[in-house]
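Engineer: What follows is a predicted protein model with its sequence.
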Amino acid sequence: MRQRRLMNQINVVPYIDVMLVLLVIFMVTAPMIQSGSVNLPSVDKVPAPPTDAMIVTVKPDGGLTLRTTSQATEKPFNRRDLIGEVQAAVSANPGQSVVIAADKSVKYEQVMNILNDLRNAGVNKVGLQTKVGAAAR
């Protein structure tokens, strides 16, 4: 009687079948996964910023402007000069408040970087300006 030779190869057909089933499952469920968009809340009633607050505006293109008083015009600054200007105002008046007004399309990271720079410059009163009466859609 002749002995059978041992098979020395792995049968990969079952593995391919399992992988194809998993691929189909992922292809079917992928469109059902919700995107990572965040709908930020809007506010109806917000206290007005102090009249003596300095207003830092972050433009959609990343440009920065500073308005020192409510009657002054906005002056464009780069980031380092803006922080120096605000730091000089805070050293003259430690209670100086600063409001950051950013365009809706500005990345959150840019606003947080400006906020962090102002905190590091010694500004204790920093606020974020919001749009009053904007209803969430």
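Structural biologist: Now that the structure is in, tell me what you want to look at. Numbering: from 1, shown residues only.

Engineer: give the contact list for residue 67.
Structural biologist: Residue 67 makes contacts with 54-55, 57, 73-75, as judged by CB atoms under 8 Å, 6 or more residues apart in numbering. Bear in mind the C-beta positions are built from the backbone N, C-alpha and C, glycine included.

Engineer: and it, bridged to which residues?
Structural biologist: residue 55 (DSSP bridges).

Engineer: Can you show me the helices along the chain?
Structural biologist: Applying DSSP state H to the chain gives helices spanning 13-29, 79-92, 108-120.

Engineer: Including mean pLDDT and mean neighbour count, could those helices go into CSV?
Structural biologist: Converted to CSV, the helices of the chain look like this (pLDDT from 0 to 100; neighbours: other CB atoms under 10 Å):
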stretch, mean pLDDT, mean neighbour count
helix 13-29, 94, 10
helix 79-92, 87, 15
helix 108-120, 88, 14
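
Engineer: Residue 62: which of those is closest?
Structural biologist: Closest to residue 62 of the helices of the chain is helix 108-120 (CB to CB; 6.4 Å).

Engineer: Put the alpha carbons of the closest one into CSV.
Structural biologist: C-alpha atoms of helix 108-120 as CSV (Å, rounded to 0.1, in the frame of the first residue of the first chain):
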residue,chain,number,x,y,z
TYR,A,108,-10.3,76.9,15.4
GLU,A,109,-6.6,76.3,15.8
GLN,A,110,-5.8,79.8,14.6
VAL,A,111,-8.1,81.3,17.2
MET,A,112,-6.8,79.1,19.9
ASN,A,113,-3.2,80.1,19.0
ILE,A,114,-4.0,83.8,19.3
LEU,A,115,-5.8,83.1,22.6
ASN,A,116,-2.8,81.2,23.9
ASP,A,117,-0.4,84.0,22.8
LEU,A,118,-2.5,86.6,24.6
ARG,A,119,-2.6,84.5,27.8
ASN,A,120,1.2,84.1,27.6
